[in-house]
Structures are given as C-alpha cells and as structure tokens.
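*Asks:* Need coordinates for the following:
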Amino acid sequence: MKKWLYMFVAAAFVAGVLISIVVAQGGDTVLIENKYTKKLKEPVTLAHKKHAEDRKIACTECHHMWKQEAGTQPQKCATCHTEQGEEKKLGTKRAYHKQCMDCHKKLKTAGKPTGPTTKCNDCHPKKATK
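*Replies:* Predicted coordinates:
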C-alpha cells in the first residue's frame, strides 16, 4: 500500500513541475481580445514565442510595469489600460496600437523584418458575416 502512495506522490510532483514549466514559458500565441464597441473584427493573435524567443524582445518592452520578481507573472494590458482609458493612461485600443505599431514601424524604418504596420486586416481579421 505504501508503495502505491509513494508512486502517486512522486507522479503528482512530476506533473506539478511539468505544468509549472509550461506555464512559466508561456504559450506560442496569445489571443488579444478586442473589446471595441462595434466588434467588427476578430481578436488579434499575437505570436508571443516569435516575439519573446525568436526576436529576443525583452519581456519589459511590452509588459512595461512588470518588475519580473520571482513567482510573479505580468498582468494583462487591460488591467491598467481600460476600455475608456483614464486621465493619464491610454485606453486599451490606443495602448495596443501604440505599442505594436510603433515597434513595427521602427523596425521597418531600420530595414529589419517586421509585422504589419498599416493594414488593419493584417492583424484584425474581419468577422465572418452571418
């Protein structure tokens, strides 16, 4: 009986470690939900792995308020950048556009490979009409 208990505890520990590793690494893509009033566009799919690992963009470039302390995760942008925006903060839509488009435009100006800079539908697929 003790043997099965030890095996169960060991298996649970290994599963916990593997799950925490996957969570810490983050996913390959992140879905950026659009909370726009008309909702004419689908959410944006951000290639997180491509930005973080392949392009070696520092986490704090996008998660600018994250202190990267042990055991912490960055908050979602919408935590601070609300739909309407506050006096001294950009609203969600403007914050995303400024962050993403400004970076892509700088890369384009420098002649480096980049993502979309001007066409809305390159990031925001149109919603299928019913």
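
*Asks:* make it CA atoms for all contacts and neighbour counts henceforth
*Replies:* Noted.

*Asks:* Helices of the chain, residue ranges please.
*Replies:* 2-25, 48-49, 59-62, 92-109 (DSSP state H).

*Asks:* ranking those helices by mean pLDDT, which is last?
*Replies:* Between those, the lowest average pLDDT goes to helix 2-25, which shows a mean of 53.

*Asks:* Leaving out chain neighbours, which residue sits closest to the most centrally placed residue in the chain?
*Replies:* Nearest to the geometric centre of the chain sits Val30, at 4.6 Å (Cα atoms, centre = their mean). Using Cα to Cα, 6 or more residues apart in numbering and skipping the chain neighbours, the partner closest in space to Val30 is Leu46 (5.1 Å).

*Asks:* Distance of the one you found relative to Leu90?
*Replies:* 20 Å (Cα to Cα, to the nearest Å).

*Asks:* end-to-end on stretch 73-90?
*Replies:* End-to-end distance (Cα to Cα), stretch 73-90: 22 Å.

*Asks:* cool, stretch 62-77 as well?
*Replies:* Stretch 62-77 end-to-end distance (Cα to Cα) = 9 Å.
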